Every structure is written in C-alpha cells, then in structure tokens.
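Visitor: missing the sequence, but the structure's below:
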C-alpha cells in the first residue's frame, strides 16, 4: 500500500467521522455535606454546568480542580450518598421564562411555589449572560417614577438606572421598593422582586399587599427564603435577572428589586468557605465585588435597534449602625448610579421615608425627570440641607432673627410635606402642585402638624376646581411660567379658603 493510498484512507476516515452524542461523561460522588458535593471523573465539566444525580437532585458545577469537581446542590443532600453516579447535562444553568410568569411566585430555579399550578414557559434563559455593551445601550433619559415625593424630586431614577437603597434594619427600605412597584400600575412596566434570605411569611405578606393594590398582575416574585439552601439564595438574583432580560429583549421596561444583596453576599461567603476557597477582606471572598458587578451591569436601557427595552435595578443593602463605609456597601455604591440612604434617627423621629438628603444622590439627576418636575423641584434640596444645618446650630439658641426663624419654619413645613404613608404613591401632577404650592408660601401659615392634611385637601380640591391645570400637566409634562403662576395662585387661594380644623 503506497503512501498516497494511506493518505486517502485517512482523509475519508476524518471526513466521515461522526461524533457519538450518546456518549455521556459520568462521575462518582466522593463526599457530600452542607450542600456541597465532590465528584470524581467529570474532567470535561464546565463552570455553571447543570449535573443530575441518581436520586433526581440537581446541582451546578461551581469549582473545578485537577482531580475533583465540586458542585453546589439545589435541594437537600439527604438523598445523595458516596458512590452515587453523577451525570453531566452539557447545559449551563438556566431558568424557564415567559409571559405566564406574571402574577406568580417562583423559587430560584423558576419552579412555582404559590400553589397555583404549573407555569407554561416560552423557553429558557441562562442565569448568567454578558451585560450589554456600550454600543448596545442608550442614555438614561426616561423617568422611572417611584411615586415618592422626596425621591422623585431630589434623587430621580431613570429607566435603565441602578439606584441603591441603603440603610439599617427596619428603616423602610423594602417599603420604598414595594411602593415603586405599586406606582408602576398602568405604566406598562414589568416588576421583578427577588427576595433573598427572608422569612417565607414576609414574602407571602408582600405578595398579598401587591395583590391588594393590583400590582401582582404585572409582577414576578422570585423567592429564596431563609429556609432555602445557600445555593438557592446565591442563584436567586441571577435567575430574577434572566426573567427580567426576557421581557427587556421584548422591548418592555422592567423594574427589578434585589432584597437584599447583603444576605446574597453572606450566602456566597458560606458557599465559598464550604468549597475550600480562602476568605478575603473581612472574611468575605475577594471576588464578591465581581459577584455583584456582573449582576448589576446587566441592567441597562437598550438601544432602539435592539428594541429599546430596559431593566432598572433597585438593589437593597443593609448597613450596621449606619456604616456606609463597610465592605459590601462601598462595593455596591461603586457599582451603582447613586444611592438612597435611609437614616435610623430620621425614621424613629417620624420622618418617613427617612431619606438622608446629604448622603443620598442620583448620578443621572435631572435627565431622569420630566420637564415639569425639573422646573418644579427648584432649590428644594439646598433648602432642606440648609434647614438641617440651621436646625443643628439653633437647637440650643432661643434668640433668633426673623430671617432665620422664617427659614426654619419653611424647612419644618417642607419636611412635613415630604412625609408620605406607605403604599400611597403620588402622581407626577400631585408632586408638581405640592412643590410649587410649598415654594410659593401656600403652607406658611398652616400649623406644622396640619401640613399633611392640608396638602391632601389641596390636591383633592385641585382635581375638582382646576381639572384643566391637572390635565395640562399630565398631557404636556412641562411647566411654563404661565402654568406655574396659575398653580401658585390657585394653591394659595385654596389653602387660604380652607378651614384648617376640618382639613383631614
């Protein structure tokens, strides 16, 4: 047989080679415990791949060594034992997605847990996917209105923005997020709420609240409760983002809330230590920054060529004794486009939402406001900052000049006006009218403890006595000098003719 014939035979063999897809790599369980399974014999497994065990449990490849592959387990490890077979699937971790998920509560794997039956999905999306590039994005310039006066005026949030909600435990962080969800009713916005490490009863209560206010029908709740494994708490925000991306790529605007990423970091820390990784700063793994940056970078406002959809992220972080300079808070502050800092002392003094004007910021600012709101806001933030400073310096002084007294009185009424009960979001026209009324002295003669009641009565009167002004604000979303003057005069006239004792 000559060399030419040998070459032809080899070429034929190569050209006619067919890969046998039925050959499956099978590993063996060596150790199992604390939700971590060590597997021998899966040399070709890749990071994030789903594996299945003989018992039917599922896991995800999380650590690849020279001889061993370590997997995190979704579910309990009581049914898994040493020597059990582990099968590769060749598929990366993904969750089912689809329109039918609206109004439902699912776990971190996308399985329904609300007792309303199975969910028919439109496909699956990987929980990890690259963030859109710069050329695939467009500027953040459309408001994502929270309905909360103190936020929409001073720290506006735009569609595609990432705004951190940060503060100590029990300062109203979740309330702000839920009120924002309720305020999206009728605005063609999808809401995703990711609960991480919370009590199941708290999540059930939240679902009931959303249902009572008609917000559950356009929302999805992804729940990895405190009773679930650290593995499920770890993947939950990524699963929620995958569901959000499904709607974003359909051209929809999506609001996603991560409540909260402090517990997410704790769950990841637990997994990392169990996997034998060395802990980094403050006993957290050094890659915790990458953990959250690759999550939050996926929130964006897509270009019109890609459908123009958006994901707006409101991550929540819990601080200890107001320490915003701790590891996790500083990490996420550097990733996001601003933060709303809730102060314990303000909350306990009755100022709710307890937004600290000095430490809160939105790096998008006026670009995420309507023209009417931008013009109505004026100097409110400076006025409040000056009031807080004056209040500190004058609390031990009784001899004040008239100008200082007037500034303090205005600041007190402004702070009172910014108080807002939970689950009562304000519309854009109500916010604009309130701001212009306060700026032009409508509440100057109103006792401080009556300001909220008078404000509500004034807004109700506007709808009946001046519907043309309300209609013009909502249609044009702009505020010219003539309209501003009309609102100022009407607000003073309404309040002047009001019986303050009867205003409730």
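Guide: Structure received. What you are looking at is a predicted structure, and each value in this text was computed from that prediction instead of being measured.
Visitor: for stretch 415-432, buried residues please.
Guide: Buried residues in stretch 415-432, defined by neighbour count with 16 or more other CB atoms under 10 Å: 415-420, 422-423, 425-426, 428-432. C-beta here means a position set from N, CA and C on the backbone, and glycine is covered the same way.
Visitor: inside helices: which ones of those residues?
Guide: Among those, the members found in helices (DSSP state H) are 415, 416, 417, 418, 428, 429, 430, 431, 432.
Visitor: gap between the first one and residue 436?
Guide: Translated: residue 415. 18 Å (CB to CB, to the nearest Å).
Visitor: below-threshold pLDDT in this structure: ranges please.
Guide: Across the chain, residues meeting the criterion (pLDDT under 70) sit at 1-2, 17-24, 278-286, 395-398, 500-504.
Visitor: got the domain ranges for it?
Guide: 26-92, 96-369, 375-496 (automatic domain parsing).
Visitor: ranking those domains by burial, who's on top?
Guide: Greatest average neighbour count among the domains of the chain goes to domain 96-369 (a mean of 20), per mean count of other CB atoms under 10 Å.
Visitor: distance between the ends of that one?
Guide: 35 Å (CA to CA, to the nearest Å).
Visitor: got it, and stretch 167-180?
Guide: By CA to CA, the extent of stretch 167-180 from end to end equals 17 Å.
Visitor: secondary structure element holding the closest residue to residue 408 other than its chain neighbours?
Guide: Closest residue in space to residue 408, ignoring its immediate chain neighbours: residue 390 at 5.8 Å, by CB to CB, 6 or more residues apart in numbering. Here residue 390, judged by DSSP states H and E, is contained in helix 380-394.
Visitor: for the residue nearest to residue 36 when sequence neighbours are not counted, what are its contacts?
Guide: Leaving aside its chain neighbours, residue 36 sits nearest to residue 274 (4.8 Å; criterion: CB to CB, 6+ apart). Residues counted as contacts of residue 274 (CB atoms under 8 Å, 6 or more residues apart in numbering) are 34, 35, 36, 230.
Visitor: quick one: which of these is nearest residue 3?
Guide: Of all the contacts of residue 274, the one sitting nearest residue 3 is residue 36; the distance, using CB to CB, is 55.2 Å.
Visitor: can you map out the strands along the stretch 151-300 of the chain?
Guide: 164-167, 189-196, 219-224, 253-259 (DSSP state E, counting those that start in this stretch).
Visitor: wait, which of those is closest to residue 497?
Guide: Using CB to CB, the strands of the stretch 151-300 of the chain put strand 189-196 closest to residue 497, at 38.6 Å.
Visitor: that closest one pairs with which strands?
Guide: Strand 189-196 pairs in its sheet with strand 219-224 (parallel), strand 253-259 (parallel), by DSSP bridges.
Visitor: if we can go back for a sec, in a markdown table, list the domains of the chain along with distance to residue 4.
Guide: A markdown table is the format used below for these (distance: least, CB to CB, whole Å):
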| stretch | distance to residue 4 |
| --- | --- |
| domain 26-92 | 37 |
| domain 96-369 | 49 |
| domain 375-496 | 80 |
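Visitor: tell me which other helices or strands the one helix or strand residue 50 maps to touches.
Guide: Secondary structure from DSSP H and E places residue 50 in strand 49-53. Here strand 49-53 touches strand 58-64, strand 85-92, going by 3 or more CB pairs under 8 Å, 6 or more residues apart in numbering; DSSP states H and E.
Visitor: run through who's touching the last one.
Guide: Among residues not part of strand 85-92, those counted as contacts by CB under 8 Å, 6+ apart are 24-29, 37, 39, 42, 44-46, 48-54, 59, 71, 126, 128.
Visitor: what's in contact with the helix or strand following that strand?
Guide: Beyond strand 85-92 on the C-terminal side, the first helix or strand identified by DSSP H and E is strand 94-97. Here strand 94-97 makes contact (CB under 8 Å, 6+ apart) with 50, 109-110, 119, 121-127, 239, 242-243, 246.
Visitor: could you rerun that using 7 Å?
Guide: Strand 94-97 is contacted by residues 109-110, 121-127, 239, 242-243, 246 when judged by CB atoms under 7 Å, 6 or more residues apart in numbering.
Visitor: now do the helices in the stretch 201-350 of the chain.
Guide: 230-248, 261-274, 288-296, 327-335, 344-348 (DSSP state H, counting those that start in this stretch).
Visitor: same deal with the stretch 401-504 of the chain?
Guide: 402-418, 428-439, 451-465, 467-476, 481-496.
Visitor: likewise for the stretch 1-150 of the chain?
Guide: Using DSSP H, counting those that start in this stretch, helices in the stretch 1-150 of the chain cover 3-15, 149-154.
Visitor: picking that back up, angle of the strand holding residue 50 against strand 58-64?
Guide: Here strand 49-53 runs at an angle of 120 degrees relative to strand 58-64 (axes from the mean of the first three to the mean of the last three CA atoms, to 10 degrees).
Visitor: partner strands of strand 49-53, with direction?
Guide: strand 58-64 (antiparallel), strand 85-92 (antiparallel).
Visitor: quick one: closest of the domains of the chain to residue 11.
Guide: Taking CB to CB, domain 26-92 is the member of the domains of the chain nearest to residue 11, at 27.5 Å.
Visitor: any idea how far the closest one is from the chain center?
Guide: 32 Å (CA atoms, centre = their mean, to the nearest Å).
Visitor: try stretch 407-424
Guide: With CA atoms, centre = their mean, you get 26 Å for stretch 407-424.
Visitor: for stretch 387-396, same thing?
Guide: Its chain's C-alpha centre and that of stretch 387-396 lie 35 Å apart, by CA atoms, centre = their mean.
Visitor: returning to what we had before: residue 407: which of the helices of the stretch 1-150 of the chain is closest?
Guide: So among these, helix 149-154 is nearest, using CB to CB, at 18.2 Å.
Visitor: which neighbouring elements make contact with that closest one?
Guide: On a contact count with 3 or more CB pairs under 7 Å, 6 or more residues apart in numbering; DSSP states H and E, helix 149-154 meets helix 371-377, helix 380-394, helix 428-439.
Visitor: let me know whether residue 295 touches residue 236 as I believe.
Guide: No: contact criterion CB atoms under 7 Å: residue 295 and residue 236 do not qualify, at 10.7 Å.
Visitor: how much space separates the closest residue to residue 142 other than its chain neighbours from residue 410?
Guide: Closest residue to residue 142 apart from its sequence neighbours, by CB to CB, 6+ apart: residue 159 at 4.5 Å. Distance, residue 159 to residue 410, using CB to CB: 33 Å.
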